[in-house]
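Engineer: Sharing a sequence plus its predicted fold:
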Amino acid sequence: MPLKLNLGCGHHKLPGYLNVDSQAQCSPDQVVDLEQFPWPWPDQSVEEIRLSHVLEHLGATTEKYFGVMRELYRVCAPNALIHIAVPHPRSDSYIADPTHVRPITTVGLSMFDQELNRQWIAEDSSTTPLGIYLGINFKIDNTEVDILEPWYSKFINNQINEDELRTAIQSYWNVIGETRIVLRAVK
């Protein structure tokens, strides 16, 4: 039977999931250091993964981060979904935590999409085709963000339009608090 993993669960356990953390004091179902490879689950055995405020804590070195991404891909069944929630890298919640080692962005995760990789190669883009280089393939199915105040109120009250909000997101700190991304394993 395919597994559902709640990786880096901390004290937030989810029913119906194998709750995994590196810290035994959190009382997870299974203690696993996600930066030690291989992970203890068989190839293609997982149908769904939750990483809520976890991925930004993993992979201080590029080698370790690539190892995490390879293991995510290895354990995922075809079309498995990975639900990722991370603080936006231009938010106080990201920068304030000394255990955050890597900003996670939609653009960064799109580098593991082999279809985009082939398009970039054809266009002679300088974007690194990590999916092809690492032999993994994740497609972004969905992205959502939490817009912080006062930006959210300004937007819903029509004080700024969508283009102005987009410019604010690209230009200022503390416009987005959290980003949620759903990846699908393409196999």
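Structural biologist: Perfect, I can see it now.
Engineer: quick one: the strands in the chain?
Structural biologist: Here the chain has its strands, by DSSP state E, at 3-7, 18-21, 30-31, 46-52, 76-87, 138-147, 176-185.
Engineer: possible to save those as TSV with distance to residue 166 and mean neighbour count?
Structural biologist: All C-beta spots, glycine's among them, are computed from the backbone N, C-alpha and C. Listed next are the strands of the chain as TSV, based on distance: least, C-beta to C-beta, whole Å; neighbours: other C-beta atoms under 10 Å:
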stretch	distance to residue 166	mean neighbour count
strand 3-7	32	23
strand 18-21	36	22
strand 30-31	41	13
strand 46-52	26	21
strand 76-87	20	20
strand 138-147	11	15
strand 176-185	11	20
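Engineer: can you list those in TSV and add mean pLDDT and distance to residue 117?
Structural biologist: Shown next, in TSV, are these (pLDDT from 0 to 100; distance: least, C-beta to C-beta, whole Å):
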stretch	mean pLDDT	distance to residue 117
strand 3-7	98	25
strand 18-21	98	30
strand 30-31	98	33
strand 46-52	98	22
strand 76-87	98	18
strand 138-147	98	11
strand 176-185	98	15
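Engineer: closest to residue 120 out of these?
Structural biologist: Distance to residue 120, taken as C-beta to C-beta, is lowest for strand 138-147 among those, at 14.7 Å.
Engineer: Which strands border that closest one, and is each parallel or antiparallel?
Structural biologist: strand 176-185 (antiparallel) (DSSP bridges).
Engineer: Just the CA atoms from the partner strand would do, formatted as PDB, please.
Structural biologist: Extracted in PDB, the C-alpha atoms of strand 176-185 (Å, rounded to 0.1, in the frame of the first residue of the first chain):
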ATOM      1  CA  ILE A 176       4.500  37.600   0.900                       C
ATOM      2  CA  GLY A 177       4.700  35.600   4.100                       C
ATOM      3  CA  GLU A 178       4.300  32.000   2.900                       C
ATOM      4  CA  THR A 179       4.500  30.200  -0.400                       C
ATOM      5  CA  ARG A 180       2.800  26.900  -1.000                       C
ATOM      6  CA  ILE A 181       3.800  24.800  -3.900                       C
ATOM      7  CA  VAL A 182       2.500  21.400  -5.100                       C
ATOM      8  CA  LEU A 183       5.000  19.300  -7.100                       C
ATOM      9  CA  ARG A 184       4.100  16.200  -9.100                       C
ATOM     10  CA  ALA A 185       6.600  13.500  -9.700                       C
END
